[in-house]
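Asker: Sequence and predicted model, in that order:
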Number of protein chains: 2
Amino acid sequence: MSTDAVSADTWHDYARSQLHPVLEGALHCFTLHGYHGTTIRMIAAASRLSVAGVYHHYPSKHAILVAVMSQAMEDLWQRSIAADAAAQGGPVDRFVNIVTCLLEFHTQRRDEAFIALTEIRSLEANARADHIAKRDRQQRLVESVVEDGVAAGAFTTEHPRDASRAVVTMCTSVSDWYRPDGALSSSELAARYCGIALGAVGGHTQTGGPVSA
Amino acid sequence: MSTDAVSADTWHDYARSQLHPVLEGALHCFTLHGYHGTTIRMIAAASRLSVAGVYHHYPSKHAILVAVMSQAMEDLWQRSIAADAAAQGGPVDRFVNIVTCLLEFHTQRRDEAFIALTEIRSLEANARADHIAKRDRQQRLVESVVEDGVAAGAFTTEHPRDASRAVVTMCTSVSDWYRPDGALSSSELAARYCGIALGAVGGHTQTGGPVSA
DNA sequence: CCTACCGATCGGTAGG
DNA sequence: CCTACCGATCGGTAGG
């Protein structure tokens, strides 16, 4: 077969950062002060460039925000469909993989996820529409898996769309409070959230699973 | 008995707005543009005052943000402990009342809740510490109810604190997407979220409840 | 002498 | 990618 043998498990890989130095500096400033609370001079200092140097790479402060947010949403989407495809079993396995993917992204790419969640109102109309479309696409993926699970009898929720939204929001909110130096690692927290999310959609939580004590 | 016969169910009442006109105008601006994206002149225009008129009531733009956020957190807290106390039964009833209270607040006081959630980084150090303390107090209330439920055998979650945080965040996130002109009313959505939240903590969801079709 | 403001403009700083 | 700047607008305050 001529399928890409490498891409199968890349949704777990968070080694490389792949973000432009200007975006890296800007992301740090945005996280601390918000978009409007961040000045071009802060971004220049954080990326060790002059003000004019920043404008050599990006035409405006807004373009920097758009680049940060769109790359984050695209990264999450590619990982999500890879996680979905990697599940060999039924809707339960797909659900667990996608929730795991959401948790890992919102802990491993915490700042990107936080900005993508909180700076939507700072986007100009066109960029905002693009962002909302990407967010809805992500939401619909979870909804379709939950609806498949209900149809297969694996999930008992009477409100698949509300339960899906609840699950997605509890996962995205992780970028709001998670600290890498806390008690739980990214994968430990992901395992716990799979159980919590399964309960939310009326699935069976495997309490005797492979999670270590 | 000399108990206050009125205060028992006031956690359901969202009739009065009780917000100072300046705070009302500022809240509207903050919701649309964020704190740093809002100018004093926007707030003055929204509250039909001159700039100097605004400064007669509040000493600074930051003091306006603090007033909006602290009043929101205090309002939610008072409603939460009233909802908790109003539950006559065990931990399940207390849990359902508190989740209902959270949902009603985040739909009926959507803008206040949204600002309290997204503008923490715009608060100066002391005000931020106060806000975090109020947020933690709210979090601990839910945790204590869930832990009581686990002790009583009503909830089966193995991770009460993580499940509590997941429940609180799914409820607070409602202020991010709920629209009053949408398909579901505040109380209908609250009823659905009680079922979803019960599932998240490993409780029994009453599928044949009094929710109308 | 109080309150609830107003028209005008201050010293500095923002994005570009 | 820098120094030297701009048009405009910022948060906050003066006297009345």
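Answerer: Right, received. Where do you want to start? Numbers count the residues shown, from 1 in each chain, chains lettered A, B, ... in the order given.

Asker: so residue A:157, which of the three states?
Answerer: Using DSSP: H, G, I helix; E, B strand; the rest coil, the structure places residue A:157 in coil.

Asker: Kindly confirm whether my reading is correct that it touches residue A:163.
Answerer: Yes. Counting by Cβ atoms under 8 Å, residue A:157 touches residue A:163, with 4.4 Å between them. C-beta: built from backbone N, CA, C; applies to glycine.

Asker: So those two - more neighbours on which side?
Answerer: Taking other Cβ atoms under 10 Å in any protein chain shown, residue A:157 and residue A:163 do not tie; residue A:163 has more neighbours (28 against 25).

Asker: From residue A:74, how far out is the more buried one?
Answerer: Distance of residue A:163 to residue A:74, given as Cβ to Cβ, to the nearest Å: 26 Å.

Asker: so is residue A:154 in a helix, a strand, or just coil?
Answerer: Once three-state DSSP is applied, residue A:154 turns out coil.

Asker: first vs last residue of stretch A:169-189, how far apart are they?
Answerer: One end of stretch A:169-189 to the other measures 15 Å (Cα to Cα, to the nearest Å).

Asker: Contact residues of chain A facing chain B?
Answerer: Contact residues (Cβ under 8 Å from any Cβ of the partner chain) of chain A with chain B: A:31-37, A:117-118, A:121-122, A:156-159, A:162-163, A:165-167, A:169-170, A:172-174, A:176-177, A:184, A:189, A:192-193, A:195-197, A:199-202, A:205, A:207.

Asker: For these, which ChimeraX command selects only the ones that are buried?
Answerer: Restricted to buried positions by 16 or more other Cβ atoms under 10 Å in any protein chain shown, the ChimeraX selection for these reads:
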select /A:31,34,35,36,37,117,118,121,122,157,159,162,163,165,166,167,169,170,172,173,174,176,184,189,192,193,195,196,197,199,200,201,202,205
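
Asker: do you know how far residue A:180 is from chain B?
Answerer: Counting by Cβ to the nearest Cβ, to the nearest Å, the gap from residue A:180 to chain B is 16 Å.

Asker: residues contacting that residue?
Answerer: A:107, A:110, A:186 (Cβ atoms under 8 Å, 6 or more residues apart in numbering or on different chains).

Asker: Wait, the second one touches residue A:178, no?
Answerer: Yes. Look at residue A:110 against residue A:178 with Cβ under 8 Å: they come within range, at 6.1 Å.

Asker: Ignoring the adjacent residues along the chain, who's closest to whichever residue of chain A sits closest to DNA strand D?
Answerer: Residue of chain A nearest DNA strand D, by Cβ to the nearest atom of the strand: residue A:50 (1.9 Å). Nearest residue to residue A:50, sequence neighbours excluded (Cβ to Cβ, 6 or more residues apart in numbering or on different chains): residue A:44, at 5.9 Å.

Asker: What segments of chain A are helices?
Answerer: Applying DSSP state H to chain A gives helices spanning A:21-33, A:40-46, A:51-57, A:61-86, A:91-108, A:110-118, A:125-151, A:160-172, A:174-177, A:186-200.

Asker: quick one: the closest residue to DNA strand C within chain A and residue A:31, what's the gap?
Answerer: Closest to DNA strand C within chain A is residue A:39: 3.1 Å, counting by Cβ to the nearest atom of the strand. Remark: distance between residue A:39 and residue A:31 (Cβ to Cβ) = 15 Å.

Asker: what does residue A:174 give?
Answerer: Distance, residue A:174 to residue A:31, by Cβ to Cβ: 15 Å.

Asker: same thing with residue A:21?
Answerer: Residue A:21 is 16 Å from residue A:31, by Cβ to Cβ.
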